[in-house]
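Novice: have a look at this prediction, sequence included:
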Amino acid sequence: MDTAPASDRPDDQRQQEPPPYAEVQASAEFGELRRAHRSFAFPLTIAFVSWYLLYVLLSNYADDFMGTKLVGNINVALVFGLAQFLTTFLIAWWYSRHAAAKLDPRSAAIKSTLDGGA
Amino acid sequence: MNLHQLAVDSASDHRPLIITLFSVFVLATLGITVWAGRQTKDATDFYAGGRSFSGFQNGLAISGDYMSAASFLGIAGAIALAGYDGFLYSIGFLVAWLVALLLVAEPLRNTGRYTMGDVLAFRMRQRPVRTAAGVSTIVVSIFYLLAQMAGAGVLVSLLLGITSEAGKILIVVLVGVVMILYVSIGGMKGTTWVQMVKAVMLIAGALLMTFLVLLKFDFNVSDLLGKAAENTKLGHAFLEPGLKYGVTGTTKLDFISLGLALVLGTAGLPHILIRFYTVPTAKAARNSVNWAIGIIGAFYLMTIALGFGAAALLNKTDITTSNKAGNTAAPLLAEELGGPVLLAVISAVAFATILAVVAGLTLASSSSFAHDLYANVIRKGEATQEEEIKAARWATVGIGAVAVVLGVFSRDLNVAGLVALAFAVAASANLPTILYSLFWKRFTTQGALWSIYGGLISSVVLVLFSPVVSGKESSMFKHADFDWFPLENPGLISIPLGFLLGWVGSLLSKEKPDKDKYAELEVRSLTGYGAH
């Protein structure tokens, strides 16, 4: 089978033989990093896509509810739409906080092992 | 005399002012481009701006790349005509960024070098997957490009008061030439600076107009909405979902289809993805998406004021005589608010918007041609950096020429359908392979090929037989009738099909997935080890 051209490999000249990727992948530290990313990003992705689709479906099939006036000419549909903006900002902020606390230290530790050890 | 006529007349009266502003923008950005070109020495400079931009700079450039004519002129016009249903676009375009933030931006930055194909082909047999990735990149970019070029021709001609056919063609050619110069001279560095300048201009222009609209209503949004409902004579229905998409069961399905394409398309758009390579680390890529979400979100909030402001302050027939799709609502609103001077300024902003986006699209497709197709498929990885950059520069000229020709022939076409198609193709052909590649260990070359080509072909074919192309008054060919697929947007069918084909293709594959390559991809994507 074809392999990646040499230019796609890490530029580091010290790497005479490929780093032990399979070993790292199987390690407990890497397992934790993967879990910390997936257990956060996957459910949250399902959640915000569902929340968005709920909005799409309500806009389609629940006209009366969406048209309910709340204050003056501001109705449920507008508030629901603005809520999508708000949740997008909040999720972005939440993910970045999670990444800084749970992902960055773990990935930096594994990376420095690879840099030093291989 | 209606307002459209007024706009054309005052555009003619103030043509010197508008032309001056356009020229200042073009000359200033070409200056930046030449300066950036002098600093472009190797392939990393050309493709990825030397990876020297900060998270904030890239966030600004992403915003400049993403907020196209469809966002500024299209959404303002859609809200002005269809009320609340126009606002639905803003929401999909924004929420979509979370897919990029949570799943795509950082792993892509860590594992790829220059193109989307770098990541798609990482674990796979290089030549077939690179070919597929290159084809898909170029198809998506050309659809997107076509929409922008068609919009540019119509818009700029209107704003400059040019009505002759030759004049309109000349404008499209001019846009094409400037865009080829930006990309071939300045590469990613030049293009990035142009996008940053444009983003600042667009945000400033939108802020000014939003302020002026709200000032007219003493900053009472409810009054603004009330006046819009009253002025359009549609009453409260104008403020509720359903005017455009709630008509029949089919239009409702179409809306779901559009919603899916918008939310899943962004993270598969090649011109957006290559922007993540311009920053030094995955963390900077994350920061740039956060900045982009903030800037783009703020902009889309302002589209409420612009769109409903146009509905409240302008006469509907003035908007539609000027452009049936409402694309000129924002400039007309500018004239209403601030006279010919503001019209000229906002026109220059719109022009900058289009130029920056077409430059980004041309760069994405010529990069993919040079790096994926030329260097890795045709030359099998043997090309030197100089040869690769040379191929990219020539590809820029070629793709620019194609865009100009298509733009000239399509200037009367329905632009909105093309943009939504670009999103649908990106979501069907690119996103499944990106996600499977990064997160599914059993994914194989066959799965990638089935998914990319299956998503690409199904979405394009469904559009070909949709009412966008034939059968309706608003179709490209209104006198022909081969629209057996009832939805204008194919996403509802083609996106699940793309995911399904990637899965089935992998399971039925005789070839075993490459475990070592997946180990390398997974470790590198999460840790940033060996990132370029």
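Specialist: Perfect, thanks for sending it.
Novice: pLDDT weak spots in chain A?
Specialist: Within chain A, the ranges that satisfy pLDDT under 70 run A:1-16, A:117-118.
Novice: confidence score at the closest residue to chain A within the stretch 201-350 of chain B?
Specialist: Relative to chain A, the nearest point of the stretch 201-350 of chain B is B:Ser222 (3.2 Å; CB to the nearest CB). (Glycine included, C-beta is placed from N, CA and C.) Here the pLDDT value assigned to B:Ser222 is 94.
Novice: what residues does the closest residue to A:Asp63 other than its chain neighbours make contact with?
Specialist: Spatial nearest neighbour of A:Asp63, excluding adjacent residues (CB to CB, 6 or more residues apart in numbering or on different chains): B:Gly242 at 5.4 Å. By CB atoms under 8 Å, 6 or more residues apart in numbering or on different chains, B:Gly242 lies in contact with A:Ser59, A:Asn60, A:Asp63, B:Tyr84, B:Asp85.
Novice: now, the residues you listed that are in helices?
Specialist: Counting by DSSP state H, these place A:Ser59, A:Asn60, A:Asp63, B:Tyr84, B:Asp85 in helices.
Novice: now the phi/psi pair for the most far-flung residue of chain A relative to its centre, please.
Specialist: In chain A, A:Gly72 marks the outermost C-alpha relative to the chain mean, sitting 38.4 Å out by CA atoms, centre = their mean. The phi and psi values for A:Gly72, taken as degrees, to the nearest 10, are phi 60, psi -130.
Novice: quick one: contacts for it?
Specialist: A:Gly72 makes contacts with B:Ser222, B:Asp223, B:Leu225, B:Gly226, as judged by CB under 8 Å, 6+ apart.
Novice: adding secondary structure and neighbour count as columns, could you present the residues you listed in JSON lines?
Specialist: Formatted as JSON lines, the contacts of A:Gly72 follow (DSSP: H, G, I helix; E, B strand; the rest coil; neighbours: other CB atoms under 10 Å in any protein chain shown):
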{"residue": "B:Ser222", "secondary structure": "helix", "neighbour count": "15"}
{"residue": "B:Asp223", "secondary structure": "helix", "neighbour count": "16"}
{"residue": "B:Leu225", "secondary structure": "helix", "neighbour count": "25"}
{"residue": "B:Gly226", "secondary structure": "helix", "neighbour count": "19"}
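Novice: which pair of these spans the longest distance?
Specialist: Pairwise distances across the contacts of A:Gly72 peak at 7.4 Å for B:Asp223 and B:Leu225 (criterion: CB to CB).
Novice: drop anything exposed from the ones in helices among the contacts of B:Gly242.
Specialist: Buried by 16 or more other CB atoms under 10 Å in any protein chain shown: A:Ser59, A:Asn60, B:Tyr84, B:Asp85, out of those.
Novice: which SS class is B:Glu511?
Specialist: coil (DSSP: H, G, I helix; E, B strand; the rest coil).
Novice: wait, isn't it in contact with B:Thr444?
Specialist: Yes - here B:Glu511 reaches B:Thr444: they are 5.7 Å apart, a contact under CB atoms under 8 Å.
Novice: those two: which has the busier surroundings?
Specialist: Each of B:Glu511 and B:Thr444 has its neighbours counted (other CB atoms under 10 Å in any protein chain shown); B:Thr444 has more, 24 against 13.
Novice: how close does the more buried one get to chain A?
Specialist: For B:Thr444, the distance to chain A equals 11 Å [CB to the nearest CB, to the nearest Å].
Novice: helix, strand or coil for the residue nearest to B:Arg123 when sequence neighbours are not counted?
Specialist: Of all residues not flanking B:Arg123 in the chain, B:Lys517 sits nearest, at 4.1 Å (CB to CB, 6+ apart). The assignment at B:Lys517 comes out as helix when based on three-state DSSP.
Novice: neighbours of B:Lys517, how many?
Specialist: Here the number of neighbours of B:Lys517 (other CB under 10 Å) works out to 16.
Novice: wait, it touches B:Phe122, no?
Specialist: Yes - at 6.8 Å, B:Lys517 and B:Phe122 qualify as touching, with contact defined as CB under 8 Å.
Novice: am I right that B:Ser222 is in contact with A:Ile74?
Specialist: Yes - using CB under 8 Å as the test, B:Ser222 is close enough to A:Ile74 to be in contact (5.6 Å).
Novice: so who does the most centrally placed residue in chain A touch?
Specialist: The residue lying closest to the centre of chain A (CA atoms, centre = their mean) is A:Ala41, at 4.2 Å. Contacts for A:Ala41 were tallied using CB under 8 Å, 6+ apart; they are A:Tyr95, B:Leu102, B:Leu103.
Novice: could I get those as a markdown table with neighbour count?
Specialist: Below are these laid out as a markdown table (neighbours: other CB atoms under 10 Å in any protein chain shown):
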| residue | neighbour count |
| --- | --- |
| A:Tyr95 | 20 |
| B:Leu102 | 24 |
| B:Leu103 | 22 |
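Novice: run a quick neighbour tally on the residue of the stretch 351-500 of chain B found nearest chain A.
Specialist: Ranking the residues of the stretch 351-500 of chain B by distance to chain A (CB to the nearest CB) places B:Gly381 first, at 2.9 Å. Neighbour count for B:Gly381, taken as other CB under 10 Å: 17.
Novice: mind telling me what element A:Leu70 is part of?
Specialist: strand A:69-71 (DSSP states H and E).
Novice: direction included, what does the helix or strand just after that strand pair against?
Specialist: Remark: after strand A:69-71, the chain's next helix or strand is strand A:74-75, criterion DSSP H and E. Each strand that pairs with strand A:74-75, with its direction, by DSSP bridges: strand A:69-71 (antiparallel).
Novice: would you confirm that the residue of the stretch 351-500 of chain B closest to chain A contacts B:Asp372?
Specialist: No - here B:Gly381 lies out of contact with B:Asp372, judged by CB under 8 Å, at a distance of 11.2 Å.
Novice: which elements pack onto the biggest helix by length in chain B?
Specialist: For chain B, the longest helix by residue count, based on DSSP H, is helix B:165-216. Other elements packing on helix B:165-216 under the criterion 3 or more CB pairs under 8 Å, 6 or more residues apart in numbering or on different chains; DSSP states H and E are helix B:15-38, helix B:43-48, helix B:55-66, helix B:126-160, helix B:221-231, helix B:282-313, helix B:329-368, helix B:385-409.
Novice: burial count for B:Lys478?
Specialist: 12.
Novice: and the gap between the closest residue to it other than its chain neighbours and B:Phe482?
Specialist: Excluding the flanking residues, the one nearest B:Lys478 by CB to CB, 6+ apart is B:Lys472, at 6.7 Å. Distance, B:Lys472 to B:Phe482, using CB to CB, to the nearest Å: 12 Å.
Novice: compare these two and say which is more crowded by neighbours.
Specialist: Set side by side, B:Lys472 and B:Phe482 show more neighbours around B:Lys472, with 16 against 12, by other CB under 10 Å.
Novice: surely the more buried one touches B:Asp481?
Specialist: No - taking contacts as CB under 8 Å, B:Lys472 lies outside contact range of B:Asp481: 9.5 Å.
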